[in-house]
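Chemist: Pasting a predicted model and its sequence here:
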Amino acid sequence: MNISDIKLANIDPETRKRKQPLSLHENKLSPYLVYMVLKTDFGRPNALPDSDNIQWCYELKVPNGFVRVGDWNQYSWTLDIYANNSDAGFAESIGREFFDLIGKRANYFTKKAKSASDSSKFKIIQNPFKIYLAGAKHLLGLAESTTNNLDKEALCKGSFFLFLSSFEGLLNIIYDLYLKTVLHEESVRRGLQRANIDLKLRLAPLYCMCFIGDSIKYKNNELDRYMSIVELRNDFIHANLSPTMRTSVVKLDGYTFPLEERESNKYSIPKDVAHLDITHLHFVNSTIEEMKDAVLSSMHHKFRKDFQNAISREQIITEQVQGENLIRISL
């Protein structure tokens, strides 16, 4: 299939009603590149979208049939193939040829796409705080409902790590959105990415423009609780062999007695990841929530409300205006 073999042509409405197309979904190539190829070769879209998930749509005559091309949820695109032959394999071969042709022609627009991306004032940021926190709570819920001890142990471990990652994600978002302009150097960003969490917490009010003062204000002992949990997490994630992971074995009267140590930190969180239980996870959850509240209450009111609403969503939309990232509800 060559580009000269393809023409703009609306598919007859009766054909669309009568004939079930073969639909192929593609996300390897961005809708932007597909649109640029089609717009360059055929002009503006010639068909109306038939779903709220579609922004633009082309209908084209191709060898041995018609195709309908449109984006899907802005991140991927679909191809409906109305082949002259009713054989599904024949229709799929048309679709694959079309994909290959668009893919080759899209190479001419990759630099333009990169330039458009770099100059865009709008960004969609994935929100790790919301994503990880939701995952942690889901795993905790599963742990509470299971009767299988092995499943509960595995679910508690996973929930523990996701809870801790969620708060680090919250800090990372703040640094990404509100880092002071004078610090927008790659070396600074790399240093912050590698910094320990206690240092990132202390530096955030100094480095980020969204805070009222030069420190985060805590109501109670949430920082101490959080850091004690982080210390355990570091041992867990590096698989450090704590004393609780070395069990002495005593033989007495022909019997075997493992003398297992059960050691906890000062907040009764076990120092052995295998002994994490549901009550410990509720403690971690409440600590993360209180740490989040402390960070939010330390933010300037100019930023706090929009940011608080934004972190409840899995994606955060921003617009850069005069060097500041402003949070938007929609594009």
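Modeler: Yes, it's here.
Chemist: so who does the residue most central in space within the chain touch?
Modeler: With the centre of the chain defined as its mean C-alpha position, the nearest residue by CA atoms, centre = their mean is Gln126, 4.3 Å away. Applying CB atoms under 8 Å, 6 or more residues apart in numbering, we find Gln126 in contact with Glu314, Gln315. Every C-beta, even on glycine, is put in place using the N, C-alpha and C of the backbone.
Chemist: pLDDT score assigned to it?
Modeler: Per-residue confidence (pLDDT) for Gln126: 93.
Chemist: same thing with the one 3 residues further on?
Modeler: According to the model's per-residue confidence, Phe129 sits at a pLDDT of 97.
Chemist: try the one 5 residues further on
Modeler: Ala134 is assigned a predicted lDDT (pLDDT) of 97.
Chemist: mind checking the end-to-end distance for stretch 13-22?
Modeler: 16 Å (CA to CA, to the nearest Å).
Chemist: List the buried residues for that stretch?
Modeler: Within stretch 13-22, the residues that qualify as buried are Arg16, Pro21, Leu22, counting by 16 or more other CB atoms under 10 Å.
Chemist: Strands - which of the residues you listed land there?
Modeler: With strands identified by DSSP state E, the entries of the buried residues of stretch 13-22 that belong to them are Leu22.
Chemist: Break down the protein into its strands, ranges please.
Modeler: In the chain, strands defined by DSSP E lie at 7-8, 22-26, 57-62, 65-72, 76-83, 122-126, 248-252, 255-259, 315-321, 324-328, listed in chain order.
Chemist: hey, what's the residue nearest to the centre of the chain bridged with?
Modeler: Residues in a beta bridge with Gln126, per DSSP bridges, are Gln315.
Chemist: re the thing from before, out of the strands of the chain, which gets nearest to Met209?
Modeler: Between Met209 and these, the shortest gap by CB to CB is with strand 324-328, which sits at 7.7 Å.
Chemist: Need the CA coordinates for the closest one. PDB is fine.
Modeler: Below are the C-alpha coordinates for strand 324-328, written out as PDB (Å, rounded to 0.1, in the frame of the first residue of the first chain):
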ATOM      1  CA  GLU A 324       4.800  29.300  37.400                       C
ATOM      2  CA  ASN A 325       3.000  26.000  37.000                       C
ATOM      3  CA  LEU A 326      -0.700  26.600  37.600                       C
ATOM      4  CA  ILE A 327      -3.000  23.700  38.200                       C
ATOM      5  CA  ARG A 328      -6.000  23.300  35.800                       C
END
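Chemist: From the contact counts, what lies against that strand?
Modeler: Applying 3 or more CB pairs under 8 Å, 6 or more residues apart in numbering; DSSP states H and E, we find strand 324-328 packed against helix 149-178, helix 301-310, strand 315-321.
Chemist: can you put the ones you listed in a markdown table and add mean pLDDT and mean neighbour count?
Modeler: Listed next are the helices and strands packed on strand 324-328 as a markdown table, based on pLDDT from 0 to 100; neighbours: other CB atoms under 10 Å:
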| stretch | mean pLDDT | mean neighbour count |
| --- | --- | --- |
| helix 149-178 | 94 | 19 |
| helix 301-310 | 95 | 15 |
| strand 315-321 | 93 | 15 |
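Chemist: of all these, which lies closest to Glu92?
Modeler: Ranking those by their distance to Glu92 (criterion: CB to CB) puts strand 315-321 first, at 33.1 Å.
Chemist: now the closest one against helix 301-310, angle please.
Modeler: When axes from the mean of the first three to the mean of the last three CA atoms, to 10 degrees is applied, the directions of strand 315-321 and helix 301-310 differ by 150 degrees.
Chemist: how big is the angle separating strand 315-321 from helix 149-178?
Modeler: For strand 315-321 against helix 149-178, the angle between stretch directions is 10 degrees (the same axes, to 10 degrees).
Chemist: Give me the residues contacting strand 315-321.
Modeler: 121-127, 173, 177, 310, 325-331.
Chemist: how about 7 Å then?
Modeler: Residues from elsewhere that reach strand 315-321, judged by CB atoms under 7 Å, 6 or more residues apart in numbering: 121-127, 177, 310, 325-328, 330-331.
Chemist: what does stretch 30-44 give?
Modeler: Stretch 30-44 is touched from outside by 3, 8, 56, 58, 69, 71, 74, 76-77, 102, 105-106, 109, 112-113, with contacts defined as CB under 7 Å, 6+ apart.
Chemist: Now, of those residues, which are buried?
Modeler: Of all the contacts of stretch 30-44 considered here, the ones buried according to neighbour count by 16+ other CB under 10 Å are Leu8, Trp56, Tyr58, Val69, Asp71, Ser76, Trp77, Ile102, Arg105, Ala106, Phe109.
Chemist: And these, which two are furthest apart?
Modeler: Using CB to CB, the pair of the buried ones among the contacts of stretch 30-44 lying farthest apart is Leu8 and Ser76, separated by 22.8 Å.
Chemist: For Val249, find the nearest of the helices and strands packed on strand 324-328.
Modeler: Nearest to Val249, of all these, is helix 149-178, at 22.3 Å by CB to CB.
Chemist: Please determine how far Arg16 is located from Phe99.
Modeler: Counting by CB to CB, to the nearest Å, the gap between Arg16 and Phe99 amounts to 21 Å.
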